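>>> following is a predicted model, sequence given first.
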Amino acid sequence: MNAPMKHGPMIDITLNQQPVQAYSGESILQVAQRCGVQVPHLCHKDGLRSDGNCRACVVEIKGERTLAPSCCRTVTPGMDVQTDSPRARKSQEMVLELLLSDMPGQGHKWADAQGALPHGELSQWAQSQGVAVRPALQALRREQPAADTSHPAMAVNLDACIQCNRCVRACREEQVNDVIGYAFRGSHSAITFDLNDPMGESSCVACGECVQACPTGALSPKTLIGSQVVDKKVDSVCPFCGVGCLMTYHVRDNRIVNVEGRNGPANEGRLCVKGRFGFDYVHNPQRLTVPLIRKPGVPKDPEALNHLNRNTADWSAVFREATWEEALDLAAGKLKALRDTHGKKALAGFGSAKGSNEEAYLFQKLVRTGFGSNNVDHCTRLCHASSVAALLEGVGSGAVSNPAKDVENADFILVIGSNPSNNHPVAATWMKNAVKRGAKLVLADPRVTDIGRHAWRTLQFKADTDVAMLNAMLHVIVEENLVDREFIAQRALNFEAIRDNVQGYSPEAMAPICGIPAQTLREVARAYASSKSSMILWGMGVSQHVHGTDNVRCLIALCMVSGQIGRPGTGLHPLRGQNNVQGASDAGLIPMMYPNYQRVTNQAAHDWFENFWATKLDDQPGYTVVEIMHKILAEDSDPHKVRGMYIMGENPAMSDPNLNHTRHALASLEHLVVQDIFMTETAWLADVVLPATAWPEKTGTVTNTDRMVQMGRQAITPPGQARPDLAIIQDIAQRMGLAWNYPGEHAGVAAVYEEMRQAMHAAIEGITWERLEREHSVTYPCLSADDPGQPIVFHDHFATPDGKVHLVPADIIPANERPDADYPFVLITGRQLEHWHTGSMTRRATVLDAIEPVATASLCGADLQALGLVAGDVITVRSRRGEVVLHVRRDDGTPQGAVYMPFAYHEAAANLMTNPALDPFGKIPEFKYCAVAVAKGGKLQAQAGYALEALP
């Protein structure tokens with residue numbers, strides 16, 4: 001899909017004998033569409049470069065001998081165009097008939113028995129133009145190629161291909177994956193994948209952009225083979241990463257059968273493999289459909305989780321079914337009893353970044369007003385807590401300064417500690433598009449990932465040396481007088497401390513430490529500082545360290561001393577990992593902040609919320625995720641010992657570091673209530689399990705990494721007795737003694753949103769529920785009904801009390817744990833393209849599990865050779881805290897001495913090994929660095945994928 005085009009001045013033309021005004025630079029087809037004139041077109045698609053090769057859109061231009069393709073012919077002053085002249089119509093109809101005659105099946109019939117048009121846009125245009133195929137033409141049909149169904153998600157039926165090249169342009173120019181090509185000549189010409197490979201064996205990443213682009217069904221989702229009739233189409237938001245792609249669910253018989261990208265501001269119709277094909281987890285037979293209560297006498301055995309086979313695990317041996325009333329009474333009653341017996345510090349709650357803003361707001365309100373403390377947190381503690389800490393300290397706001405798509409305006413793009421092609425694939429497309437436009441992209445990471453193919457320079461620094469490398473770049477900018485002096489003088493504090501601190505960090509001194517040649521550090525620093533517009537985007541490779549806050553302090557300093565902020569194509573962007581981690585944090589789902597990042601220790605904020613909620617509130621910060629686990633295992637004499645927990649949509653028994661410790665802590669709770677859609681590892685340790693709704697089964701808002709508040713709508717009804725999360729939270733609250741009443745549809749979601757809007761008035765005052773229903777997506781800050789929202793902030797001041805950036809110098813702090821003779825490798829954890837977070841959703845999605853069904857650890861070829869391994873061997877990876885057995889994969893982007901592991905696989909849980917050491921400011925664990933040993937062999941656990949049977 002296209003963003004609004006940037007046109008020149010208006011000019012006068014004549015269209016079908018009517019005077020109209022057009023923008024200079026518009027195509028004839030665009031003018032016609034804007035004026036409501038329908039012109040057949042097949043090779044043209046909004047968002048793709050016009051190619052003009054199908055000739056279905058030809059029009060007649062007065063004074064010209066030949067007909068012109070309207071999709072790629074721009075208007076000129078005085079042009080006289082006829083789209084429906086006899087000559088133009090005859091040519092349009094001939095093209096449609098010739099193309100339709102080659103289609104498989106009865107090309108002259110418009111619809112199948114269910115009323116579906118068999119060949120998409122081609123059939124639609126033929127029908128609207130009254131075109132039927134003559135039998136004589138059908139008799140001359142080409143020899144039809146065989147179908148290719150080798151891919152788990154998509155079917156290739158080139159017998160329906162009209163060679164419009166839309167799939168080629170979508171793959172090469174929009175997503176920049178370079179898989180689909182156009183090969184051979186003449187009558188042998190054909191669409192190919194890589195070197196004419198079957199699609200399933202090619203390098204296709206299954207973004208499905210080609211499927212969405214195809215006008216005839218030659219490329220189609222396997223879920224739509226056969227009837228394409230759907231009962232309804234429902235607009236919503238992708239439930240996976242923080243990019244926040246708008247999408248449309250296609251629903252038949254209360255099942256999602258297809259997903260299409262929608263023209264949202266973050267994605268413009270684009271999706272990735274998870275967004276397009278990762279939807280059927282909601283229909284998995286392992287969905288929780290009835291409340292469960294642990295059977296008397298059945299112990300909580302955390303060790304059993306290490307041997308759990310999710311395919312065959314039967315919860316009936318551990319839990320019994322219960323009514324909602326019984327389950328809620330037990331869940332809330334025991335929590336209330338623990339609070340009343342042991343005090344308000346005895347309870348804690350984990351909310352979810354996978355739910356809605358309204359759920360996050362109501363959950364933290366329940367903990368603060370019902371439990372009586374600030375012991376509430378969620379997964380932001382495990383991803384960008386250090387980023388938020390540094391940003392709040394430096395610029396007064398924990399959110400991004402510019403949207404990810406703003407890289408289209410950047411001349412220089414620094415991607416550090418992030419693998420956007422895997423973790424934020426649609427955002428990565430904007431980066432690749434920017435490179436094709438001419439921007440310089442620099443990848444700084446211990447691993448060289450896919451985005452490195454597009455990089456101008458690659459800084460493959462040694463793991464844990466971020467500060468050394470970034471301070472060396474700051475040294476160059478200061479030493480070579482590349483500092484924006486005017487910006488520093490007017491808008492920054494403490495520059496002198498930065499200047500003095502980096503004197504000892506010359507590139508020559510830091511090169512041996514970080515592993516980047518001094519000349520390269522100087523070259524990149526100069527390019528960043530001198531560029532007209534430079535933008536920094538980072539991920540958890542920066543934040544998940546004991547020095548994560550210092551890493552981000554260095555990025556802030558790099559940005560500010562160069563004056564690269566407050567303009568298009570500049571700024572700081574921490575790429576958020578989950579669909580609502582930004583919104584959940586904004587809504588107050590963190591232990592030291594009320595909604596909109598107002599500190600609980602701020603007396604004015606404390607008093608305001610006490611009055612707003614009409615409840616006495618704790619004035620001290622609560623405990624964070626890892627700290628809560630420590631407090632569960634505290635001595636009984638500790639007045640802050642945590643004895644009961646309510647966990648909604650989080651899976652700490654998979655996501656926390658040092659899982660053996662975490663699982664032991666969860667099993668030690670006197671009472672654990674878990675609310676989720678599947679029997680997660682955490683749910684196995686619960687006393688009460690409450691079946692909740694998946695994202696397509698609810699209505700609510702989420703906030704993406706770009707600060708866009710976006711509306712998600714219920715598309716299907718939940719299975720069995722599963723209930724909306726928002727309703728369950730209110731049920732628990734009422735049983736805890738809170739007199740809540742949120743009237744309206746979907747458990748009062750609009751009423752909850754409006755209350756949240758009051759609590760966050762300084763950010764979203766102008767974003768009413770009615771406005772979101774109408775506009776779908778609005779960016780904050782937005783302070784009035786006519787405020788369009790501010791995608792770019794910090795134009796002339798920062799969100800700090802004095803309006804200036806507060807720069808903080810950083811020095812080298814080593815990782816908490818270093819490799820040694822016993823543990824000579826460094827473990828780096830992360831995500832992979834097909835799987836997300838702890839895998840509870842994506843590994844129950846048919847296509848995603850089919851593409852990546854097996855846990856792997858990646859090592860470079862040199863390390864494999866040194867260890868006597870080949871790709872596919874079974875290895876054991878062991879740290880001081882735990883070990884896993886899994887297959888090894890060769891990845892020469894992983895540096896020597898390092899092991900890379902995704903953490904989505906229960907049967908080889910990477911977090912059994914990771915280090916719980918915390919950053920002192922953000923309280924985030926050091927997931928990205930711990931010492932491990934690698935040995936050949938070991939006993940594999942049973943594969944734990946859960947997907948339904950594979951598609952045909």
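Sure thing, it's come through.
>>> got the contact list for whichever strand or helix holds Leu100?
According to DSSP states H and E, Leu100 maps onto helix 86-101. Outside of helix 86-101, the residues within contact range by C-beta atoms under 8 Å, 6 or more residues apart in numbering are 39-40, 42, 54-60, 67, 82, 107-108, 119, 122-123, 125-126, 129-134, 137-138, 140-141, 162. Every residue, glycine included, has its C-beta placed from N, CA and C.
>>> which of those residues are buried?
Neighbour counting by 16 or more other C-beta atoms under 10 Å classes 39-40, 42, 54-60, 67, 82, 107-108, 119, 122-123, 125-126, 131, 133, 162 among the contacts of helix 86-101 as buried.
>>> in strands only, show me those residues.
Secondary structure defined by DSSP state E assigns 58-60, 82 of the buried ones among the contacts of helix 86-101 to strands.
>>> tell me the one of those nearest Asp706?
Of all those, Asp706 sits closest to Val59, with 39.1 Å by C-beta to C-beta.
>>> tell me, what's the model's pLDDT at that closest one?
Val59 is assigned 98 on the pLDDT scale.
>>> so what's it bridging to?
Beta-bridge pairing of Val59 under DSSP bridges involves Ala68.
>>> my read is that it contacts His41, right?
No. Between Val59 and His41 there is no contact under C-beta atoms under 8 Å: 10.7 Å.
>>> mutual contacts of the two, please.
Joint contacts of Val59 and His41 (C-beta under 8 Å, 6+ apart) are Ser70.
>>> how close does Glu817 get to Phe461?
According to C-beta to C-beta, to the nearest Å, Glu817 and Phe461 sit 19 Å apart.
>>> please apply the same query to Ile875.
Noted for Ile875: a distance of 26 Å to Phe461, by C-beta to C-beta.
>>> same deal with Ser387?
Using C-beta to C-beta, Ser387 is found at 19 Å from Phe461.
>>> coming back round to it: inside helices: which ones of the buried ones among the contacts of helix 86-101?
122-123, 125-126 (DSSP state H).
>>> out of those residues, who's nearest His250?
Nearest member of those to His250, counting by C-beta to C-beta, is Ser123, at 17.7 Å.
>>> any idea how far that closest one is from Gly737?
Applying C-beta to C-beta, the value for Ser123 to Gly737 is 62 Å.
>>> can you check Ala385 too?
Ala385 sits 32 Å away from Gly737 when distances are taken as C-beta to C-beta.
>>> try Met708
As judged by C-beta to C-beta, Met708 and Gly737 stand 37 Å apart.
>>> now Arg707
Taking C-beta to C-beta, one finds Arg707 at 36 Å from Gly737.
>>> of these two, which one has the most company?
Applying other C-beta atoms under 10 Å to Arg707 and Gly737 shows that Arg707 carries more neighbours, namely 27 against 12.
>>> got a list of what the more buried one touches?
By C-beta under 8 Å, 6+ apart, Arg707 lies in contact with 399-400, 403, 582, 779-781, 791.
>>> go on, Gly297?
No contacts exist for Gly297 under C-beta under 8 Å, 6+ apart.
>>> low-confidence ranges, the protein, go.
Confidence mapping of the chain against pLDDT under 70 gives the ranges 1-7, 106-117, 311, 943-952.
>>> biggest helix in it, by residue count?
The residue-count maximum for a helix in the chain (DSSP H) belongs to helix 324-342.
>>> give the buried residues for it.
The neighbour-count check on helix 324-342 (16+ other C-beta under 10 Å) flags 324, 327-328, 330-332, 334-336, 338-339, 342 as buried.
>>> which non-adjacent residue is nearest Gly893?
Val448 (3.8 Å; C-beta to C-beta, 6 or more residues apart in numbering).
>>> which of the three states applies to the one you found?
Secondary structure, DSSP: H, G, I helix; E, B strand; the rest coil: Val448 is coil.
>>> what segments of the stretch 101-250 of the chain are helices?
All helices of the stretch 101-250 of the chain, identified by DSSP state H, counting those that start in this stretch, fall at 120-129, 135-138, 166-169, 209-213.
>>> I'd like those helices laid out as a markdown table, including distance to His887.
Output for these, formatted as a markdown table (distance: least, C-beta to C-beta, whole Å):
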| stretch | distance to His887 |
| --- | --- |
| helix 120-129 | 41 |
| helix 135-138 | 51 |
| helix 166-169 | 33 |
| helix 209-213 | 30 |
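>>> of the ones you listed, which approaches Asp725 most closely?
helix 209-213 (30.7 Å).
>>> list the contacts of the residue nearest to the spatial centre of the chain.
Nearest to the mean C-alpha position of the chain, by C-alpha atoms, centre = their mean, lies Cys241 at 1.6 Å. Contacts here follow C-beta under 8 Å, 6+ apart; on that basis Cys241 touches 272, 274, 423-425, 576-579, 836.
>>> and it, how far is that from Asn258?
From Cys241 to Asn258 the distance is 20 Å (C-beta to C-beta).
>>> pull the contacting residues for the closest residue to Lys300 other than its chain neighbours.
Distance criterion C-beta to C-beta, 6+ apart; nearest residue to Lys300, sequence neighbours excluded, is Ala667 at 3.9 Å. Neighbour list for Ala667: 300-302, 685 [criterion: C-beta under 8 Å, 6+ apart].
>>> rerun at 7 Å
Contact analysis of Ala667 by C-beta atoms under 7 Å, 6 or more residues apart in numbering lists 300, 302, 685.
>>> and it, what element?
Going by DSSP H and E, Ala667 is part of helix 659-668.
>>> now for the helix or strand following that helix, which elements pack on it?
Using DSSP H and E, the helix or strand that follows helix 659-668 in sequence is strand 671-676. On a contact count with 3 or more C-beta pairs under 7 Å, 6 or more residues apart in numbering; DSSP states H and E, strand 671-676 meets helix 324-342, strand 644-648, strand 688-691.
>>> do that again at 8 Å, thanks
Packing partners of strand 671-676 (3 or more C-beta pairs under 8 Å, 6 or more residues apart in numbering; DSSP states H and E): helix 324-342, strand 644-648, strand 688-691, helix 725-735.
>>> SS state for Leu443?
Per three-state DSSP, Leu443 ends up strand.
>>> so what pairs up with it in the strands?
On the basis of DSSP bridges, Leu443 is bridged to Val415, Thr458.
>>> for it, what are its contacts?
415-416, 449, 451-452, 455, 457-459.
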